[in-house]
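J.: prediction below, plus the sequence it came from.
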Amino acid sequence: MTRRETRRTRKVSGRKGKKYPIELLRSDEVVSLIDANRRCSTGVRNRSLIAVLWRSGLRLGEALALRARDIDLSTGKINVRSGKGGRQRICGTDTMTISLIEQWLAVRKELGINSRCQLFSTLKGGQIRQEYVRQMLSRLAARAGITKRVHAHALRHSFASELVNEGLPITEIRDSLGHKHLSTTAVYLNMIAPHERVKKLHDRKWPIEEPDGSDNNGDDEIDDDAAKLVRIFAELTDEQRAALKKIL
């Protein structure tokens with residue numbers, strides 16, 4: 001490797017940020033994050049933005065690029081026009097998220113924000129910077145008492161994990177996330193789903209009775225027969241028990 005290539009490699013590696021372990025946010029934690037917003041205009045906007053990131057799995061850049069015309073309020077269809085790699089895709093969202101978006105749209109109308117501005121704009125119709133959202137999420141997490149590292153992509157992780165738990169086919173998860181290749185989705189889910197796999201493996205039940213660690217099969221059969229006799233005797237009436245004692 002030449003000196004120039006070495007310097008270039010150092011520059012590139014220097015740009016890379018620190019990698020943190022993935023911490024999935026539970027649904028109740030995300031709801032707490034949404035509820036931590038103030039009941040003001042920016043709070044109404046931020047509530048709807050967090051809901052879109054969580055319930056639609058959009059990347060932060062995709063969400064901030066949305067315009068009001070990109071969302072069909074009657075069907076929940078979201079048209080992502082500027083996805084990663086310039087790819088356009090259709091996503092969906094639920095009625096609760098639509099309700100939060102409608103509340104923000106009503107505030108936008110009162111503020112006189114031009115409909116041609118981005119859906120999630122400043123109160124004057126300007127563009128919201130991604131850095132603002134990062135700081136906002138950290139601030140809300142502290143207010144909600146969430147100790148995990150909260151960021152926009154964590155909401156996307158939670159979205160994908162919830163789809164896995166709900167049994168959605170991986171092809172639909174791929175389309176929702178906007179991945180070009182299925183292999184990308186498989187790697188992505190492998191990064192965030194181990195927590196769920198471990199829990200499911202832990203909760204599995206044995207198809208037979210739990211072993212007691214003993215190899216005395218004959219003793220086990222005797223114990224089973226004795227237990228059956230005790231159950232039978234317990235079901236007898238007093239008269240039947242008295243008659244049995246006379247026979248014995």
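T.: Yep, that arrived. Quick caveat: nothing in here was measured; it's all calculated off a predicted structure.
J.: nearest spatial neighbour of R55, chain-adjacent residues omitted?
T.: Taking CB to CB, 6 or more residues apart in numbering, and ignoring the residues beside it in sequence, R55 has T97 as its nearest neighbour in space, at 4.6 Å. C-beta coordinates here come from the backbone N, C-alpha and C atoms, glycine included.
J.: wait, the one you found touches L53, no?
T.: No. With contact defined as CB atoms under 8 Å, T97 does not reach L53; the gap is 9.9 Å.
J.: please say which of these two ends up with more neighbours.
T.: Between T97 and L53, counted using other CB atoms under 10 Å, L53 has the larger neighbour count: 27 against 22.
J.: for my notes, confirm the more buried one occurs in a helix.
T.: Yes. The assignment for L53 is a helix, going by DSSP: H, G, I helix; E, B strand; the rest coil.
J.: which residues does the nearest residue to it once chain neighbours are set aside contact?
T.: Closest residue in space to L53, ignoring its immediate chain neighbours: L155 at 4.2 Å, by CB to CB, 6+ apart. Counting by CB atoms under 8 Å, 6 or more residues apart in numbering, L155 makes contact with 25, 30, 50, 53-54.
J.: what does T147 give?
T.: Contact partners of T147, counting by CB under 8 Å, 6+ apart, are absent.
J.: any low-confidence regions in this protein?
T.: Along the chain, the parts satisfying pLDDT under 70 run over 1-21, 193-202, 204, 208-248.
J.: quick one, helices of it?
T.: Listed from the start of the chain, the chain has helices (DSSP state H) covering 3-15, 27-35, 41-56, 60-64, 95-111, 130-144, 152-165, 170-177, 182-192, 194-202, 217-235, 238-247.
J.: on that earlier part again, any idea how far the residue nearest to R55 lies from H153?
T.: 18 Å (CB to CB, to the nearest Å).
J.: thought S48 was touching T97?
T.: Yes. With contacts defined as CB under 8 Å, S48 counts as touching T97 at a distance of 7.4 Å.
J.: if we only consider the contacts of L155, which is nearest to Q127?
T.: Nearest to Q127 among the contacts of L155 is L53, at 16.9 Å by CB to CB.
J.: correct me, but that closest one touches R156?
T.: Yes. In this structure, L53 is within contact of R156 by CB under 8 Å, at 6.7 Å.
J.: what are the contacting residues of stretch 182-196?
T.: 22, 24, 157, 160-161, 164-165, 170-171, 173-174, 177, 179.
J.: buried residues in it, which are they?
T.: Within stretch 182-196, the residues that count as buried by 16 or more other CB atoms under 10 Å are 185, 188-189, 192-193.
J.: could you dump the residues you listed to JSON lines with distance to A65?
T.: Putting the buried residues of stretch 182-196 into JSON lines (distance: CB to CB, whole Å) gives the following:
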{"residue": "T185", "distance to A65": "22"}
{"residue": "Y188", "distance to A65": "21"}
{"residue": "L189", "distance to A65": "25"}
{"residue": "I192", "distance to A65": "24"}
{"residue": "A193", "distance to A65": "28"}
